[in-house]
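Trainee: The sequence and its predicted three-dimensional model are supplied below.
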Amino acid sequence: MAVSLAKEHYKVTIMGSGPAGLTAAIYAARANLSPVLFEGPQPGGQLTITTDVENYPGFAEGIMGPDLIDATRKQAQRFGTEFHYNLIAKIDDSSLPIKVTLDDPDATTFTTDTLIIASGASARLLGIPGESEYMGRGVSACATCDGFFFGDREIAIVGGGDTAMEEAIYLTRFASKVSVLHRREELRASKIMQERAMKNEKIEFVWNTVVEECLGDEKELKTLKLKNTKTGEITERKFDGLFIAIGHIPNTSVVKDIIDTDEHGYIITAADSTKTSRPAIFAAGDVQDTVFKQAITAAGTGCMSAIEAEHYLEALHG
Ligand code: NDP
């Protein structure tokens, strides 16, 4: 069945429903541009799988990630954003307006004057033997989703950034011990997160170590094959779980063939702008942010993208 869109043509289409996409929607809706927003495969984005957000301005006591997203979504709805859960399958801007095709069985199409890509980024995986085999059976890329299953167990987490620290701390609520496996002997995480993790008695740091293979009994993960990056020594160590927290990959599969991206796949935007290499397409949030990657900077670029789309429309229609 075709997707029931309110219109056949929109002025602003937003792809993604994290802080960037939702903020773009608030600004575009308040500018009377009646935006349509496609939520993407993980509605609400990465904040929906995080716990406390302590650094988003305006919440003195912090706020839970999902609550922040819910409130922002309601704000975008209040001003008339049209929301859909369908995925965008194809974008054709070879002639304007842009033609968008959805991934429903009828391949519903519509046109849009502008497109804001705020599709975020997804967890990077290690790409080692056994990782995909034991995914969901001991291996996970989301502590808040799966930590609960590891009550009183010994688990490992790979990574040395803020995400790894945050998730290691979170996992100590359930696990008897959490070993942070990091490929160097210095963490990338912010000082405050490092200190918190190091103070936690359940967290052990295993330096200069990479995971080479996930081994199990075909039903679940049992052991990790580890390599010391300094000595080359290979060891095997028993773990009930492995959490992967080694950063993210930008979600650009639908646009990477039409838009300029950098060598890591991030959409390239003009300096101090959300303009991309295509005139009617703007990009906001983690999909174009190689530096900051914070909820507040995503919201900031979301705001910029809506204002720049509005300026583009003014020039187009007068
Ligand atoms: P980062 O890119 O900051 O860190 C990734 C970590 O994974 C690094 O320590 C890196 O090692 C390691 N790594 C990468 N690839 C591999 C690999 N193949 N094998 C082993 N280790 C690997 O990603 P994060 O997701 O931690 O953070 C992303 C952004 O989000 C940051 O800007 C961070 O500040 C922010 N953030 C902020 C939070 C907060 O403020 N509360 C919470 C979570 C994230 P190496 O250091 O050697 O490169």
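Mentor: Yep, it's here.

Trainee: E133: neighbour count?
Mentor: Neighbourhood size, E133 [other CB atoms under 10 Å]: 15. In this view, the C-beta of every residue, glycine as well, is placed from N, C-alpha and C.

Trainee: contacting residues around it?
Mentor: Contacts for E133 were tallied using CB atoms under 8 Å, 6 or more residues apart in numbering; they are 214, 216.

Trainee: That one: which element?
Mentor: E133 belongs to no helix or strand when assigned by DSSP states H and E.

Trainee: For the closest residue to the ligand within the stretch 151-300 of the chain, the count of nearby residues, please.
Mentor: Using CB to the nearest ligand atom, the single residue of the stretch 151-300 of the chain nearest to the ligand is G161, 2.3 Å away. Each residue near G161 was counted by other CB under 10 Å, and the total is 18.

Trainee: Enumerate every residue touching V255.
Mentor: 91, 117, 267, 281.

Trainee: how about a cut-off of 7 Å?
Mentor: Contacts of V255 were listed using CB atoms under 7 Å, 6 or more residues apart in numbering, and they are 91, 117.

Trainee: where's it relative to I91, distance?
Mentor: Distance, V255 to I91, using CB to CB, to the nearest Å: 6 Å.

Trainee: ok so, going back, who are the contact partners of the residue of the stretch 151-300 of the chain closest to the ligand?
Mentor: G161 touches 188-189, 245, 247, counting by CB under 7 Å, 6+ apart.

Trainee: burial count for the closest residue in space to D260 that isn't next to it in sequence?
Mentor: Counting by CB to CB, 6 or more residues apart in numbering, D260 lies nearest to S277, which is 3.8 Å off, once chain neighbours are set aside. Residue neighbour count, defined by other CB under 10 Å, stands at 14 for S277.

Trainee: Same check on A270?
Mentor: 11.

Trainee: Secondary structure element for it, which one?
Mentor: A270 belongs to no helix or strand when elements are defined using DSSP H and E.

Trainee: Would you quantify the distance from it to Q294?
Mentor: 21 Å.

Trainee: Name the helix or strand of this protein that has the lowest mean pLDDT.
Mentor: strand 52-53 (a mean of 82; mean pLDDT, DSSP states H and E).

Trainee: partner strands of whatever helix or strand comes next after that strand, parallel or antiparallel?
Mentor: Toward the C-terminus, strand 52-53 is succeeded by strand 63-64 as the next helix or strand (DSSP H and E). Here strand 63-64 is paired, per DSSP bridges, with strand 52-53 (antiparallel).

Trainee: just how off-centre is the strand it pairs with within its chain?
Mentor: Centroid displacement of strand 52-53 relative to its chain, using CA atoms, centre = their mean, to the nearest Å, is 15 Å.

Trainee: residues near the nearest residue to R137 once chain neighbours are set aside, how many?
Mentor: In space, not counting the residues next to it along the chain, R137 is nearest to E220; the distance is 4.7 Å by CB to CB, 6+ apart. Using other CB under 10 Å, the number of residues around E220 comes to 13.

Trainee: OK, contacts around the residue nearest the centre of the chain?
Mentor: Geometric centre of the chain, nearest residue: A121, 3.7 Å, by CA atoms, centre = their mean. Residues near A121 by CB under 7 Å, 6+ apart: 248-251, 286-287.

Trainee: repeat for T51
Mentor: If you count contacts by CB under 7 Å, 6+ apart, T51 has them with 64-65, 144, 170.

Trainee: so where's this structure uncertain?
Mentor: 1 (pLDDT under 70).

Trainee: Now, the contacts of A121 that are in strands?
Mentor: 248-250 (DSSP state E).

Trainee: Give the PyMOL command for selecting the buried subset of those.
Mentor: Buried subset of the ones in strands among the contacts of A121, written as a PyMOL selection, criterion 16 or more other CB atoms under 10 Å:
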select buried, resi 248+250
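
Trainee: Surely I155 is in contact with K238?
Mentor: No - using CB atoms under 7 Å, I155 is not in contact with K238; the gap is 10.9 Å.

Trainee: Neighbour count: these two, which is higher?
Mentor: Between I155 and K238, counting by other CB under 10 Å, I155 is the more crowded of the two (26 against 10).

Trainee: sorry, back to before: output the contacts of A121 as a markdown table; include the columns distance to F83.
Mentor: Listed next are the contacts of A121 as a markdown table, based on distance: CB to CB, whole Å:
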| residue | distance to F83 |
| --- | --- |
| H248 | 24 |
| I249 | 25 |
| P250 | 23 |
| N251 | 18 |
| D286 | 20 |
| V287 | 19 |
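
Trainee: Contacting the ligand as well, which ones from these?
Mentor: H248 (CB under 6 Å from any ligand atom).

Trainee: near the ligand at all, the helix or strand containing I26?
Mentor: I26 is part of helix 19-30, with elements assigned from DSSP H and E. No - applying CB under 6 Å from any ligand atom, one finds helix 19-30 separated from the ligand by no less than 12.6 Å.

Trainee: now do stretch 61-69
Mentor: No - judged by CB under 6 Å from any ligand atom, stretch 61-69 makes no contact with the ligand; its nearest approach is 10.1 Å.
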